[in-house]
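Trainee: Please work out how this folds:
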Amino acid sequence: MNRNRLIGVIENDTKFDHSQEARERSMNAPERVYSPINGVSANTVRTVTLDKRPTSQQEGSTGAGSQHTARHTDGKQAKDSADSRPRAVVIGAGLGGLSAAIHLARQGWKVDMLERNTRSGGRMNVIQEQGFSIDMGPTMLMMPEVIEKIFTDCGRDIKDYMPLTRLTPAYRIAWPDGTLLEMGGTMEELIASVRTFAPDDADRLPALYERMRTKYLNARHNFIERSFNSVRDMMRPSTLQGLVKSFPMESVYQFVSKNIRDERLRQAFTFQTLYLGMSPYTCPSIYALLPYIEMEFGVWYPQGGTIALADSLERLFGELDGTIHYNQDVERILLDGRTARGVRTADGNDWHADVVVSNMDVPMAYKKLLPPEVRRKHTDARIEKCDYGCSGYMMYLGVEHIETNWAHNMIVLSDNYEQILDDICVKQILPRDPAMHVCIPTLTDKSLAPEGHDVVYVLVPCPNTLGKIDWKRQGPLLRDRVIDKLEATGLPGLREKIVFERIFTPDDFEKTYGCFAGAAFSGLTPSFMQSAYFRPHSRSEDIRNLYFVGASTHPGGGVPIVLTSGRLAAEEIALTTRARRK
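Mentor: Below is the predicted model:
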C-alpha cells in the first residue's frame, strides 16, 4: 500500500418484550448472523467519491460489485397520468427521511426523495478509499427493535437485509489513572468490575439502573412515541404526569450524583449526553436512561459497518416502489399562499406533491427554503436565539496493523471532567485535554481494511461553529493533541502507522450536511424548552402540508429516535389526510 499520507479535509460535499426470558435470550446470544443482501457479499459496499459530486447519477451512486436498490432517475419527476396515488416529496435521504418515505410508501403514497449528495444515509456516511471502508457517522446501534419494526411493518424480516452482532462489551471506558470499566454487559459483570475500584458504589448499581429504567419507560411511552403538534398533545394527563416524573429541572449529573459517590462512575453514567450535543451538567435528567438502554437492549454492529443500515433502508424503500434522485439540491419550497405544493431544485425543475417532508436540519430548512414573510413562528431572529448543541472533530484513519488491548469502542476520558465540558459547551474553545470516542471496527470486522491494516475512527466532542474557531489554523493543533493522547493511552506508534487520513470538522458538518452552526448530533439541544411540544414540530406550524423529520425535530437525536421521527411524521400525515377527506 502507498505509504504516502493522505491528510486533508473533505471539502464537499408495540409492544416490546421486556420479560426476563427475553432478556436472557438477548444476553445469551451475543451474535446474530443474518444473510447477505440480494446475494451480494454482506461486506460489499458502494464506492463513493466524497470530494467531487458526479455529473450524473450513474457515475456517482455505485461502485464495482455494489448496488442501489431504490430506483434512480435523471433528476426529473416522472409523469404518469394513470398513477392516482397521492404524491410526497422528501427533501434529504437521511435516516429520518428514509423512515418517513418507507412508511408513506407502504401506506400507498408515490414518494420521490431528493438528496443533494451522492448516496443515502445523511450523516450515516462512509469513506471508501485505498481498500478502507470507514463509517463517518454513528458507530453503535441501540434499541434494535425500533429498526426491526420498520421492516416488520412492511412484512419483511430484518435478518434478510443485514447481519447484526451484539458488541460485548458495548464499550470500554479508560481514565487517566488507569481505571478501566466495561459497559453494556450484565448487571453481575458491572457490579464485579465496579467493586474493584469503588466497592461502596457497587451495591448501589441495581437501584440506580432501576431508576434509569423508570426514566426510560416514562420517556419512551409518554414522549418519544408520541407526537407533540398542538397544546392538546402536551396537556394529555399521561404526558403531564410523565413531565412531573421526569424532574425536568434536575440535570443528568445531579441525578447520577444522588445515587453514586465515586467521581469516575459519575462520569461513566453521564458522558453519554454529549451524543445529544449537551453537557450532563445541564441536560435534563430524563436522559439519564442511556446506560440502562445499553445494558437492556445491547449495542449492535452491522456487518460491513453501520452504513449497512442506510443501504438496507434504501433497498426496502426501492422494494416499495420508491425513487431516490441524487445530486438534487432543493432551493425552495413551492407555495400556494401558506400551503406547500412541492419543491424547486437547483437545476430549475419543479417537483409537485400533495405533501412535502423535509429531512433537512429544521432551522436551516426554514431559513433556506421559505421566505421570511411566511414564517410567523420560525423567524430568523427566533432561529438565531435557539440553543445549539456541540459538534465533533472527526479523524478517519487507515493504519498499519496495531497491537492493542482496546475494545471495538473505547471512551477515553480526561482529568478535569467538568472543565473540559465547560470548554466545549460554554466557553466554546478547543479542549486542552480532549476526551474522545475511539472505534476500531476491524477488531470485529476484518473486511473493512486491507490485510495487515486497521481502521481507527476518532470522535472528539468540540464546540460548534458559533464558537468562531478557525479550524484551518487550530485543527492541526487539536489533531496533534489527539494523536499524542492516543499513543500515550493505548495505541503506541500510531502516528507512524497512518497510511490514510481524513479530517472532518464542524465547518464540514455545516457545509456537507447542512447542520445549522455545525451542530453534529441533535442540532438543537434537548433542553426542557427545546423538547417535546417546545421542539420544532413534525407538522409545520407555519406552512400547511409541510412536515419535518430528523434530529432537530421531535423526538430528537440518535439513530432509533430519528427513525421514530420518520414514523411519527408519516402517521401525522395519514391522520391529517383522513381528517381532510371527512
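Trainee: could you list every residue that touches the residue nearest to E225 when sequence neighbours are not counted?
Mentor: Nearest residue to E225, sequence neighbours excluded (C-beta to C-beta, 6 or more residues apart in numbering): T564, at 7.0 Å. For the C-beta atoms, the positions are set from N, CA and C on the backbone; glycine is no exception. Residues in contact with T564 (C-beta atoms under 8 Å, 6 or more residues apart in numbering) are S99, V146, I224, E225, P555.
Trainee: tell me which residues in the one helix or strand Q474 maps to are buried?
Mentor: Element membership for Q474 (DSSP states H and E) is helix 471-489. For helix 471-489, burial by neighbour count (16 or more other C-beta atoms under 10 Å) applies to W471, G475, L478, R479, R481, V482, I483, K485, L486, T489.
Trainee: now do stretch 289-296
Mentor: L289, L290, P291, Y292, I293, E294, M295, E296.
Trainee: I'd like these laid out as CSV, including secondary structure.
Mentor: Formatted as CSV, the buried residues of stretch 289-296 follow (DSSP: H, G, I helix; E, B strand; the rest coil):
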residue, secondary structure
L289, helix
L290, helix
P291, helix
Y292, helix
I293, helix
E294, helix
M295, helix
E296, helix
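Trainee: which among those residues gets closest to N405?
Mentor: Closest approach between the buried residues of stretch 289-296 and N405, by C-beta to C-beta: E294, at 21.3 Å.
Trainee: Model confidence for the closest residue to that closest one other than its chain neighbours, exactly?
Mentor: Nearest residue to E294 in three dimensions, chain neighbours excluded: G184, at 4.4 Å (C-beta to C-beta, 6+ apart). pLDDT, G184: 94.
Trainee: pLDDT weak spots in the stretch 351-500 of the chain?
Mentor: Within the stretch 351-500 of the chain, no stretch has pLDDT under 70.
Trainee: now the helices for it?
Mentor: Here the stretch 351-500 of the chain has its helices, by DSSP state H, counting those that start in this stretch, at 362-369, 380-385, 417-422, 471-489, 494-497.
Trainee: Tell me the gap between the second one and the middle of its chain.
Mentor: The one in question is helix 380-385. 24 Å (C-alpha atoms, centre = their mean, to the nearest Å).
Trainee: ok, how many other residues are close to the residue nearest to G94 when sequence neighbours are not counted?
Mentor: Of all residues not flanking G94 in the chain, G122 sits nearest, at 2.5 Å (C-beta to C-beta, 6+ apart). Residues near G122, counting by other C-beta atoms under 10 Å, number 27.
Trainee: Next up, the contacts around G122.
Mentor: G122 neighbours (C-beta under 8 Å, 6+ apart): G92, A93, G94, L95, G96, G97, G137, A310, N359, Y513, G550.
Trainee: burial of the first one, as a residue count?
Mentor: Counted by other C-beta under 10 Å, the residues lying close to G92 total 27.
Trainee: Return the distance of A449 relative to I573.
Mentor: 43 Å (C-beta to C-beta, to the nearest Å).
Trainee: Next, the residue nearest to G94: phi, psi?
Mentor: Torsion angles at G122 (phi, psi; degrees, to the nearest 10) stand at phi 60, psi -130.
Trainee: returning to what we had before: just the buried residues from the contacts of G122, in ChimeraX please.
Mentor: Buried members of the contacts of G122, defined by 16+ other C-beta under 10 Å, are picked up in ChimeraX with:
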select :92,93,94,95,96,97,137,310,359,513,550
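Trainee: which one among the contacts of G122 gets closest to S285?
Mentor: Distances from S285 to the contacts of G122, taken by C-beta to C-beta, are shortest for G550, at 24.7 Å.
Trainee: List the residues that contact the closest one.
Mentor: 92, 94-97, 122, 358-362, 523, 562, 565.
Trainee: at 6 Å what do you get?
Mentor: Going by C-beta atoms under 6 Å, 6 or more residues apart in numbering, G550 touches G96, N359, V562.
Trainee: ok so, going back, pLDDT added to the buried residues of stretch 289-296, as TSV?
Mentor: Below are the buried residues of stretch 289-296 laid out as TSV (pLDDT from 0 to 100):
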residue	pLDDT
L289	94
L290	94
P291	96
Y292	96
I293	96
E294	96
M295	96
E296	95
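Trainee: In TSV: the residues you listed, plus distance to R172.
Mentor: Shown next, in TSV, are those (distance: C-beta to C-beta, whole Å):
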residue	distance to R172
L289	21
L290	16
P291	14
Y292	18
I293	18
E294	12
M295	14
E296	19
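Trainee: Quick check: M436 vs I503, distance?
Mentor: Applying C-beta to C-beta to M436 and I503 gives a distance of 14 Å.
Trainee: cool, and A202?
Mentor: From A202 to I503 the distance is 41 Å (C-beta to C-beta).
Trainee: circling back: could I get the helices of the stretch 351-500 of the chain as TSV with distance to D112?
Mentor: Listed next are those as TSV, based on distance: least, C-beta to C-beta, whole Å:
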stretch	distance to D112
helix 362-369	16
helix 380-385	28
helix 417-422	43
helix 471-489	36
helix 494-497	45
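Trainee: nearest to H352, of those helices?
Mentor: Across the helices of the stretch 351-500 of the chain, closest to H352 is helix 362-369 (C-beta to C-beta), at 15.6 Å.
Trainee: Tell me how far the residue nearest to D83 when sequence neighbours are not counted lies from T323.
Mentor: Spatial nearest neighbour of D83, chain neighbours left out: K110 (6.1 Å); criterion: C-beta to C-beta, 6+ apart. Applying C-beta to C-beta, the value for K110 to T323 is 9 Å.
Trainee: quick one: buried residues of stretch 256-270?
Mentor: V256, S257, N259, I260, D262, R264, L265, R266, Q267, A268, F269, T270.
Trainee: likewise stretch 383-390?
Mentor: Those would be I383, C386, Y388, G389, C390, for stretch 383-390 by 16+ other C-beta under 10 Å.
Trainee: and the residue nearest to E294, what does it touch?
Mentor: G184 neighbours (C-beta under 6 Å, 6+ apart): P169, A170, E294, M295, V299.
Trainee: quick one on the thing from earlier: ok, so of the buried residues of helix 471-489, who is nearest D445?
Mentor: L486 (20.6 Å).
Trainee: L494 is in contact with the closest one, correct?
Mentor: Yes - look at L486 against L494 with C-beta atoms under 6 Å: they come within range, at 5.3 Å.
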